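Participant: Quick one, structure for this:
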Amino acid sequence: MEIVEMDAKAIGERLMELRGERTQAETAKELNISVSALSMYERGERIPRDNIKIRIAALFQKPINEIFYP
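Facilitator: Sure, this is the predicted structure:
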């Protein structure tokens, strides 16, 4: 079994791309997280916890693997 590392910068870029025209404030409110947390995810400073990954995938209607694993 291969272990796949998550690339925080690549995840951040995908999150910004998925957010599109929405503001960080709108998106953070929909995800029930702080704007600063979303900003850190988008800058690649942090990777969301699993429960947040699930919310992000649901909001953007994408599989978790597509967003977080290359």
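
Participant: remind me which residues of the chain are low pLDDT?
Facilitator: 1-5, 70 (pLDDT under 70).

Participant: can you pull out the helices in it?
Facilitator: 8-19, 24-31, 35-43, 50-60, 64-68 (DSSP state H).

Participant: Reformat those helices as a markdown table; add mean neighbour count.
Facilitator: Where you see a C-beta, it was placed from the backbone N, CA and C, and this is true even at glycine. Shown next, in a markdown table, are the helices of the chain (neighbours: other C-beta atoms under 10 Å):
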| stretch | mean neighbour count |
| --- | --- |
| helix 8-19 | 16 |
| helix 24-31 | 16 |
| helix 35-43 | 17 |
| helix 50-60 | 15 |
| helix 64-68 | 15 |
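
Participant: Just to check, residue 34 is in contact with residue 28?
Facilitator: Yes: the criterion here is C-beta atoms under 8 Å, and residue 34 meets it with residue 28 at 6.1 Å.

Participant: Skipping adjacent residues, who's closest to the residue nearest the centre of the chain in space?
Facilitator: Centroid-nearest residue in the chain, with C-alpha atoms, centre = their mean: residue 15, separated by 4.7 Å. Distances taken as C-beta to C-beta, 6 or more residues apart in numbering place residue 42 nearest to residue 15, at 5.1 Å, with adjacent residues excluded.
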